[in-house]
Structure formats: structure tokens, C-alpha cells
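*Asks:* Only the shape, not the letters, is given here:
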């Protein structure tokens, strides 16, 4: 299977701890996106990369959140000093952007974060 | 700003019933429109899309027509199956930017 993969699927941690999630996009995709989805809501955009460059960050991405895509392939999303409100599903998506514009995004299964 | 509004769920139907899930949008530019589906425990999957006015997207028996005059992209299926039970998200994208999703509509199909 060459879809978008995310690790871990579930993460339970205590408030105040740091957590890091990983996303491996579809290999030929140059764009990678992070979204947050809370229960009963649609995904909300957090940030995206084109290759290794982080091109846009949402105002939802507080200074406790940081994302990297160092080699333009996999990406990590780190949350420092987690808070109860960080409990959500974190979704990663990838797409190819080229001469024909931005192709549809393909989503991973997400990482569900639960803050105790 | 850009936004998407969907009919509230949950929607509960019997197998073989006709499905409509309403979606309307506001956008500052000329958006592409999408329907994504999320099955239990899984990520979002693209169901269908339309990139310009009057285009009809279709897939797996589902259809949606891009109506610029009413800023709508309603999802329809003539005969639903139990396996269609999922959450359906309407979304838009302006230019090459990120998606704006609606809140989702949960569909339950009973045998």
C-alpha cells in the first residue's frame, strides 16, 4: 500500500507532556498538509509544505506547535506542553502540485491524541 | 472568508432510499468543490469533485453538480446501501490553497 501513513494511530499522554507525530506521504507527492479534526467537526487546516518549505501556517498553529519536513519527504508535527484542548485527531494529507495545478489531497488515517 | 455549510446530521435512511446531503459555500474566488467520505476508523477519502460551474462529479453512484448561481454542491445517490454509512464532508479549495471543510454529515443506512 503506497498511501499516506501516519504514526502512531493513537497517543495517550498526560497534560504538559510533549508529543510528536509522523507522516509519510505518497512518495511522488510534493505537498504535505496537516489538519486537526475535533469530534463532530470537519478537518481544520494547520499548515502545509511544498517539498521542505513550510509555505503557510494557520492561526490555529500556536507557538506550542511545530512542524518540519526536513528532506521534503516525511513530516513531523510536535506539540509541546500539551493541553486538554489539544485532544483531537491529527490528519496528514499529501498532493502533487505541478503544471496542472494542485491535484486532490489524499489523507492518512490520522493520529488520535488524548490528553489525560 | 471562505466557508462551507452542510445539512445537519445524522441522516438515517433505509437501504435503497434516495439520498440528498445539501452543501452550500461562500468563497472569495472561484473554488473547486469536493465531497470526501470518512468511514469509521479511517481517514478521509475523495469521493468526487467538480472544478467549474455546471460540472457534475460522480463516483460509486454518488453525484453532485456545481451550481454557481446557488453556490451549492449537493450530494445525491439514487439507492443507498448499508456500506454507504459514513460521514460525508463537503469542501472547497480556491486556487492551489488548502481545503476548507464543512462540519460533516453522518449517514446511517439501515438494512
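*Replies:* Nice, thanks for sending it over. Please read all numbers here as calculations on a predicted model, not as lab measurements. Numbers count the residues shown, from 1 in each chain, chains lettered A, B, ... in the order given.
*Asks:* only C-alpha atoms for contact and neighbour calcs from this point on.
*Replies:* Will do.
*Asks:* quick one: residue B:38 from residue A:18, how far?
*Replies:* 28 Å (CA to CA, to the nearest Å).
*Asks:* Please identify which of the two sits among more neighbours.
*Replies:* The neighbour comparison of residue B:38 against residue A:18 (other CA atoms under 10 Å in any protein chain shown) goes to residue B:38, with 19 against 15.
*Asks:* Relative to residue A:4, how far out is the residue in chain B that chain A sits nearest to?
*Replies:* Here the residue of chain B nearest chain A is residue B:43; by CA to the nearest CA that distance is 3.8 Å. With distances taken as CA to CA, residue B:43 is found 10 Å from residue A:4.
*Asks:* now do residue A:39
*Replies:* Taking CA to CA, one finds residue A:39 at 22 Å from residue A:4.
*Asks:* same question, residue B:99
*Replies:* 17 Å.
*Asks:* residues from chain B in reach of chain A?
*Replies:* Contact residues, chain B versus chain A (CA under 8 Å from any CA of the partner chain): B:41-46, B:89, B:95-96, B:98-104.
*Asks:* mind running it again at 7 Å?
*Replies:* Where chain B comes near chain A, counting by CA under 7 Å from any CA of the partner chain, the residues are B:42, B:43, B:44, B:45, B:89, B:96, B:101, B:102, B:103, B:104.
*Asks:* Just the ones of those residues in strands?
*Replies:* B:44, B:45, B:89, B:101 (DSSP state E).
*Asks:* Excluding covalently adjacent residues, which one is nearest to the last one?
*Replies:* If you skip the residues right next to it in sequence, residue B:101 has residue B:91 as its closest partner in space, 4.3 Å away by CA to CA, 6 or more residues apart in numbering or on different chains.
*Asks:* Report back the residue of chain A that's furthest from centre.
*Replies:* Most distant from the centre of chain A: residue A:99, at 25.1 Å, with distances by CA atoms, centre = their mean.
*Asks:* same question but for chain B, I mixed them up
*Replies:* residue B:111 (22.7 Å).
*Asks:* Do I have it right that that residue meets residue B:17?
*Replies:* No - counting by CA atoms under 7 Å, no contact exists between residue B:111 and residue B:17, whose distance comes to 10.6 Å.
*Asks:* if we can go back for a sec, of residue A:39 and residue A:4, which one has the most company?
*Replies:* Taking neighbours as other CA under 10 Å, residue A:39 and residue A:4 compare with residue A:4 leading, 24 against 10.
*Asks:* Give me the pLDDT for that one.
*Replies:* On pLDDT, residue A:4 comes in at 95.
*Asks:* ok, now residue B:46?
*Replies:* 92.
*Asks:* number of nearby residues for the nearest residue to residue B:86 once chain neighbours are set aside?
*Replies:* Closest residue to residue B:86 apart from its sequence neighbours, by CA to CA, 6+ apart: residue B:39 at 4.7 Å. Neighbours of residue B:39 under the rule other CA under 10 Å: 15.
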